[in-house]
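could you work out the structure for the sequence below:
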Amino acid sequence: MKFFRLICYFWIMFKSPFSQILVFLLSITLFSCGEKASDEIYVGKIEELVAGDLLVKKDSLTKNIEVKQVIHHQGIDFIISLADRERTIQYYSIQTGEKVKEIKLPFDGPDSFKGYIGLLIAEGMDSLTIVNMDGWFYDYYQGNRIKEEHIDSKLEFPNTYYSSMYHGRRNNFTKVSESQYQISVVPLVAPSSNFSGKTKAFDKIEEWIIIFDSKENKAAVQNLTFPFGYRSDFVEDHLSYPPIVEIMDSKNYVLFPYSDSVFVMSDFKIVDRKKLDSGVEFNFIGGENIVRGEYGYVELKKEASSHLDFLYDKYRNVFIRISKINESGAGETTRERTKHHLLSIYDADLNPISEYTFDFGPGSKLENYFIASDGFYLNKPDQVSEDQYEFYRLDLSKIKKP
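Presented below is the predicted three-dimensional model:
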């Protein structure tokens, strides 16, 4: 705004046509230098980055691999996976793909765990912090329960924790200091099974974050800001929430699924806002309600785009955005169509570096990905064996630089 006033001032001061033309050209030059044109951003294929794969070996009792976290312990990266939502946590070596540890939380006794695992943080091979779906906070060390507290938040949303667990692929749970944790919640009414009831967002929809101090057993709620016009356009769309929140250098980077803007927040006050430029055009037209007999669910429209995740890679000091561009094919549902995705790489100042497209065909989906010291891992579309789960390893040193 100050720059605009300055241009106007010079426009008035220099009244000759030639002087005004110079001022106009200067303003165009300065404004255009701040943003990279979309046609200058390299868009390639994900195959350009593939440098190998990872085969995670599953035993006969492991039905699912659900990657929640990666830890670096004694020079080796390990996947932390939920084998089931009740109480089984598995550790896999990225070097070998072998399971090296499994923890089954007991039903009864002094170390018992109640309910279902919702949010999870592992520190090394011995420490676990868990929040169950009823909002109970647990600390375990070497299998012994050392804390059990209820997170007494003022949020009145039913199923707040439950919806946090299942909405999206993020863990939504971050340790920000020795005893302080940040939980991203989803303050929405879940739609009825066949959409017969009215579904809408709560009035307190800005309150997306719970800050919990486990030492003091105190909880506070923080607000996040909507992009301009977002609430009025998408408040009834259940796939437009929650915002994606990534923490780097004590700052929260907030990105909404249907927006290209990132809000940078310090102490939950906006200190910067930046548009993430892309070489691909996104089409934010939202989701639709699908009803099959007595059951209903929400899917993105076939032509619709959405940002799925936004991650900071501390090993290479870059941000990674994962987006869905659209779908193709004659199928009636997402499962029956080909999903077209985009992996976008940005530097630490959120300037675009390059982007890479990848697809998941009918019957397959993007469901597991993670950052490790040796690259970025992405589940393969085709899982050919029940005895193993396969990932591509992407070498991000191969990304094309501007």
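
direction included, what does the helix or strand Arg393 falls within pair up with?
In the assignment (DSSP states H and E), Arg393 maps to strand 388-394. Using DSSP bridges, the strands paired with strand 388-394 are strand 50-57 (antiparallel), strand 375-379 (antiparallel).

give me the residues contacting the shortest one.
Just to be clear, that refers to strand 375-379. 46, 49, 51, 54, 94, 313, 320, 343, 358, 366-371, 389-396 (CB atoms under 8 Å, 6 or more residues apart in numbering). Using the backbone N, CA and C atoms, a C-beta is placed for each residue, glycine as well.

ok, which of the strands paired with strand 388-394 comes nearest Ser354?
With CB to CB as the measure, strand 375-379 is the member of these nearest Ser354 (13.3 Å).

okay, now the residue lying closest to Asn317 once chain neighbours are set aside: neighbour count?
The shortest distance from Asn317 to any non-neighbouring residue, by CB to CB, 6 or more residues apart in numbering, is to Ala348 (5.2 Å). A count of nearby residues for Ala348, using other CB atoms under 10 Å, gives 13.

try Ile103
When neighbours are counted by other CB under 10 Å, Ile103 comes out with 16.

residues in a beta bridge with it, which ones?
Beta-bridge pairing for Ile103 (DSSP bridges): Ile89.

is it true that the residue nearest to Asn317 touches Lys314?
No - look at Ala348 against Lys314 with CB atoms under 8 Å: they stay out of range, at 10.4 Å.

separation between Gly293 and Glu336?
Remark: distance between Gly293 and Glu336 (CB to CB, to the nearest Å) = 17 Å.

more neighbours: the two, which one.
It is Glu336, of Gly293 and Glu336, that has more neighbours when counted by other CB under 10 Å, with 13 against 7.

and the strands paired with strand 388-394, which is most packed in?
Burial of the strands paired with strand 388-394 is given as mean neighbour count (mean count of other CB atoms under 10 Å); strand 375-379 ranks first at a mean of 23.

count of neighbours near Ser306?
Counted by other CB under 10 Å, the residues lying close to Ser306 total 20.

who are the contact partners of it?
Counting by CB under 8 Å, 6+ apart, Ser306 touches Leu239, Pro257, Tyr258, Phe284, Leu300, Ser323, Lys324.

run through the bridge partners of Ile121.
With DSSP bridges as the criterion, Ile121 is bridged to Thr129.

was I right about it contacting Val131?
No - shown here, Ile121 and Val131 do not form a contact pair, counting by CB under 8 Å, at 9.1 Å.
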